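J.: how does the following fold in three dimensions:
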Amino acid sequence: MSLEIPPFIFLVLGAFLLPLFPKKVQPAAFLVFPLLGLITVWTLPDQWTFSTQFYSYELVICKVDALSRVFGIIFALIGLIAGIYSWHVKDTPQQSSALLYGAGALGVTFAGDFFTLLLFWELMAIASTFLIWARRDRESASAGMRYFLVHLFGGSLLMAGIALHFSQTGQTEIRAFAPGESVAAWLMLIGVAINTAIPPLHAWLSDSYPKATVTGAIFLSAMTTKSAVYVLARVFPAWEILLYLGVTMALYGVVYAVLANDIRQILAYHIISQVGYMVAGVGIGTEMAINGTAAHAFSHILYKALLFMGAGVVLHTTGRSKLSELGGLGKCMPLAVWLYMIGAFSISGFPLFNGFISKSIIISSAGVEHLYVAKFLLILASVGTFLHTGLKLPYHTWFGRDSGVKPTKKIPRNMLVAMGALAFFCTFFGVFPQVLYSCLPFPIDYQPYTKLHLIETTQLLALTFVAFWILRWKVAGEPLIALDTDWFYRKPAPLIRKIFIGGVNRVFHVCDVLISTSVRLVAQLASNPIELWQKRRFPQRPFDADEDRFPLSVSLGLTILIIVLITLISVTK
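T.: Residues are numbered from 1 along each chain as shown. Below is the predicted model of the structure:
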């Protein structure tokens, strides 16, 4: 039996109903809504649609196929597990924003027309901004505003592309565009590229995710970039430029992770790197590559959320998130360390973990298409991933030199339960890859556990470990700021604020003064001149609104005179 309802409906209802529950009940109530969404996504029949008429146009609110289902499953699943992780949070606006954010991701995934997609796209931007602001400090307020403005710009480009496409074709149904098909397609691609964090349009991610709340970062790490990857796979497959951009992303994120000091910023840069594999898969555009993109997005959401949960445990218990301030915490939280390491093994592509069985599909598809340079560079980026996420971050956070920083709070049990659930799935899909492969959009005959693949992976991981051990203090965190492309809008921000915001405020002030003065003059003209003269001559007399005005006969006379003058002027013309 299936619930034939658009799955995002449950999360939207949850966002508005959650504040009505008592505080003690809200954590359990939160879990109900993504669970119902997950059940619905899982049971909806293939090619099921839900549409409505809007004037003379049909809006396809929900359309189910294999590609949308695999993304919908992981979005609903991570919403459920993130709800467990945030069980201890007593912040209703933050939890409602998380549900709206999940609803937006599911809405984008199942949208059948561009207008519906745009609606949920903007819902995601607004809801996710509140997860950054919910930390309620000065840095998060500024980062959230930058995040919102960047996504507002990206959404505007997407809307412009959709409007142009609609004006040219009259069609609203989502479809795949041929490479370079139209200006409208390019506008939409740039708008989606911003959410995908493709350099140089990526700095919002590494700027904002480390400033979000401990629990809000889990939702952020899972939804915005991966929903954008889904749109790329749906609308822009086989655009060759995406292959080059994806390879650039994979390397760019790894390089900048060397410079990062904040543990969540390191993980944020590795989101850019890992999403690069998915973008490259979309650029290759074959069935195998699209399967690899979907599989890697599924795997990435699981292990990246687990990694952010591990970093969140450190931040929650110590109040610190800088590598230069951490070290020696392993004895204080051994279970959290080992659960984090399962995520680190997964993202690094260790055998028996889910990164091994998904990332390799994209790399193999590049080889099948004879894209050997791209294949080599993607393998090289894998080395950097293990170096920073699997070695640098855990070593200088939990091991290495003892910084003297100790936890001041206990780890909430629900945090460890959520981490355990994600660690289970990372291992389960790594051991039984066919379970995930059966959900992919195209039939796939791929065997990840070949002798060559195992030997190649083992050699790369072993050499990376040796290199790290020799240079481990060279890659330790330093209390420095790494300049990124956000410099280009941070630096001129005061001048832009002065010109646009200050200038607009001054214009409004002048207009306000002019209008107020004009209104006072009109009020005086409408007053009885004799009484007004008396009032000014004898100010002790109180003003009477009924007496201090022209007689009604004078007002009617002036009105008739104006009408006659207008009529004469129009006749003479």
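
J.: check contacts around the closest residue to residue 276 other than its chain neighbours.
T.: Counting by Cβ to Cβ, 6 or more residues apart in numbering, residue 276 lies nearest to residue 249, which is 2.9 Å off, once chain neighbours are set aside. The C-beta positions use only the backbone N, C-alpha and C, and glycine is treated the same way. Residue 249 sits next to 197, 198, 199, 202, 272, 273, 275, 276, 279, 280 when contact means Cβ atoms under 8 Å, 6 or more residues apart in numbering.

J.: in CSV, list those residues along with pLDDT and distance to residue 386.
T.: CSV is the format used below for the contacts of residue 249 (pLDDT from 0 to 100; distance: Cβ to Cβ, whole Å):
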residue, pLDDT, distance to residue 386
197, 93, 21
198, 93, 23
199, 90, 22
202, 89, 22
272, 95, 16
273, 94, 11
275, 96, 17
276, 96, 16
279, 97, 21
280, 97, 19
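
J.: so after the host helix or strand of residue 281, what's the next helix or strand?
T.: Using DSSP states H and E, residue 281 maps to helix 263-284. Toward the C-terminus, helix 263-284 is succeeded by helix 287-318 as the next helix or strand (DSSP H and E).

J.: that next one packs against which elements?
T.: Under the contact criterion of 3 or more Cβ pairs under 8 Å, 6 or more residues apart in numbering; DSSP states H and E, helix 287-318 touches helix 66-85, helix 216-235, helix 263-284, helix 334-347, helix 354-368, helix 413-431, helix 433-437.

J.: output the first one as PDB, nothing but the C-alphas.
T.: As requested, the backbone C-alpha atoms of helix 66-85 are provided in PDB (Å, rounded to 0.1, in the frame of the first residue of the first chain):
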ATOM      1  CA  ALA A  66      14.100   6.300 -10.700                       C
ATOM      2  CA  LEU A  67      16.400   9.300 -10.600                       C
ATOM      3  CA  SER A  68      14.100  11.400  -8.400                       C
ATOM      4  CA  ARG A  69      13.400   8.400  -6.100                       C
ATOM      5  CA  VAL A  70      17.000   7.700  -5.200                       C
ATOM      6  CA  PHE A  71      17.600  11.300  -4.300                       C
ATOM      7  CA  GLY A  72      14.200  11.500  -2.500                       C
ATOM      8  CA  ILE A  73      15.100   8.500  -0.400                       C
ATOM      9  CA  ILE A  74      18.400   9.900   0.900                       C
ATOM     10  CA  PHE A  75      16.900  13.300   1.600                       C
ATOM     11  CA  ALA A  76      14.100  11.900   3.700                       C
ATOM     12  CA  LEU A  77      16.500   9.400   5.400                       C
ATOM     13  CA  ILE A  78      19.000  12.100   6.300                       C
ATOM     14  CA  GLY A  79      16.200  14.300   7.600                       C
ATOM     15  CA  LEU A  80      15.100  11.500   9.900                       C
ATOM     16  CA  ILE A  81      18.600  10.700  11.200                       C
ATOM     17  CA  ALA A  82      19.500  14.400  11.600                       C
ATOM     18  CA  GLY A  83      16.300  14.700  13.700                       C
ATOM     19  CA  ILE A  84      17.700  12.100  16.000                       C
ATOM     20  CA  TYR A  85      21.000  13.900  16.200                       C
END
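
J.: return the distance of the following helix or strand past it from the chain's centre.
T.: Moving toward the C-terminus from helix 66-85, the next helix or strand (DSSP H and E) is helix 92-110. Average the C-alpha atoms of helix 92-110, do the same for its chain, and the two points are 11 Å apart (Cα atoms, centre = their mean, to the nearest Å).

J.: nearest to residue 510, of the helices and strands packed on helix 287-318?
T.: Across the helices and strands packed on helix 287-318, residue 510 has its closest neighbour in helix 216-235 (40.5 Å, Cβ to Cβ).

J.: buried stuff in the helix or strand following the closest one?
T.: Using DSSP H and E, the helix or strand that follows helix 216-235 towards the C-terminus is helix 240-259. Along helix 240-259, these residues count as buried under the neighbour rule (16 or more other Cβ atoms under 10 Å): 241-243, 245-254, 256-257, 259.

J.: same thing with stretch 330-347?
T.: Within stretch 330-347, judged by 16+ other Cβ under 10 Å, the buried ones are 330, 332-333, 336-337, 339-347.

J.: ok, residue 435 touching residue 429?
T.: Yes. If you go by Cβ atoms under 8 Å, residue 435 and residue 429 touch, sitting 6.3 Å apart.

J.: neighbour count winner among those two?
T.: residue 429 (25 against 10; other Cβ atoms under 10 Å).

J.: sorry, back to before: pick out whichever of the buried residues of stretch 330-347 sits closest to residue 307.
T.: For the buried residues of stretch 330-347, the nearest to residue 307 is residue 343 (4.3 Å; Cβ to Cβ).

J.: ok, the closest one to residue 353 distance?
T.: Distance of residue 343 to residue 353, computed by Cβ to Cβ, to the nearest Å: 9 Å.

J.: which residues do those two both contact?
T.: In contact with both residue 343 and residue 353: 303, 426, using Cβ under 8 Å, 6+ apart.

J.: residues contacting residue 335?
T.: residue 416 are the contacts of residue 335 under Cβ under 8 Å, 6+ apart.

J.: pLDDT value on it, please?
T.: pLDDT recorded at residue 335 is 94.

J.: what mean pLDDT does the strand or helix carrying residue 161 get?
T.: Residue 161 belongs to helix 138-169 when assigned by DSSP H and E. For helix 138-169, mean pLDDT rounds to 93.

J.: and it, what does it pack onto?
T.: So helix 138-169, by 3+ Cβ pairs under 8 Å, 6+ apart, packs with helix 114-133, helix 183-196, helix 203-208.

J.: residue 51 against residue 112, yeah?
T.: Yes. Using Cβ under 8 Å, residue 51 makes contact with residue 112 at a distance of 7.1 Å.

J.: so those two - more neighbours on which side?
T.: Per other Cβ under 10 Å, whichever of residue 51 and residue 112 has more neighbours is residue 112, with 21 against 14.

J.: got the phi and psi for the more buried one?
T.: With angles defined as degrees, to the nearest 10, residue 112 sits at phi -100, psi -10.

J.: how far away is it from residue 66?
T.: Here the distance between residue 112 and residue 66 works out to 15 Å (Cβ to Cβ).

J.: before we move on, what about residue 27?
T.: When residue 27 is compared with residue 66 (using Cβ to Cβ), they lie 34 Å apart.

J.: which of these two has more neighbours?
T.: Taking neighbours as other Cβ under 10 Å, residue 27 and residue 66 compare with residue 27 leading, 19 against 15.

J.: buried sites along the host helix or strand of that one?
T.: Residue 27 is part of helix 26-43 when elements are defined by DSSP H and E. Under the neighbour-count criterion of 16+ other Cβ under 10 Å, helix 26-43 has 26-27, 29-31, 33-38, 40-42 buried.

J.: and residue 50, that's in a strand?
T.: Yes. Per DSSP: H, G, I helix; E, B strand; the rest coil, residue 50 lies within a strand segment.

J.: so what's it up against?
T.: Residue 50 touches 4, 5, 6, 60, 61, 62, 63, counting by Cβ under 8 Å, 6+ apart.

J.: could you redo these as JSON lines and give each row distance to residue 146?
T.: Output for the contacts of residue 50, formatted as JSON lines (distance: Cβ to Cβ, whole Å):
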{"residue": "4", "distance to residue 146": "41"}
{"residue": "5", "distance to residue 146": "37"}
{"residue": "6", "distance to residue 146": "32"}
{"residue": "60", "distance to residue 146": "34"}
{"residue": "61", "distance to residue 146": "32"}
{"residue": "62", "distance to residue 146": "33"}
{"residue": "63", "distance to residue 146": "34"}
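
J.: give me the subset of those that lies in helices.
T.: Mapping those onto helices (DSSP state H) picks out no residues; all lie outside.

J.: minimum pLDDT in those, which residue is that?
T.: Looking at pLDDT alone, the contacts of residue 50 dip lowest at residue 4, where the score is 81.

J.: distance of it from residue 41?
T.: 12 Å.

J.: hmm, back to that, could the helices and strands packed on helix 138-169 go into CSV alongside mean pLDDT, mean neighbour count and distance to residue 105?
T.: Shown next, in CSV, are the helices and strands packed on helix 138-169 (pLDDT from 0 to 100; neighbours: other Cβ atoms under 10 Å; distance: least, Cβ to Cβ, whole Å):
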stretch, mean pLDDT, mean neighbour count, distance to residue 105
helix 114-133, 95, 22, 6
helix 183-196, 96, 22, 11
helix 203-208, 92, 25, 16
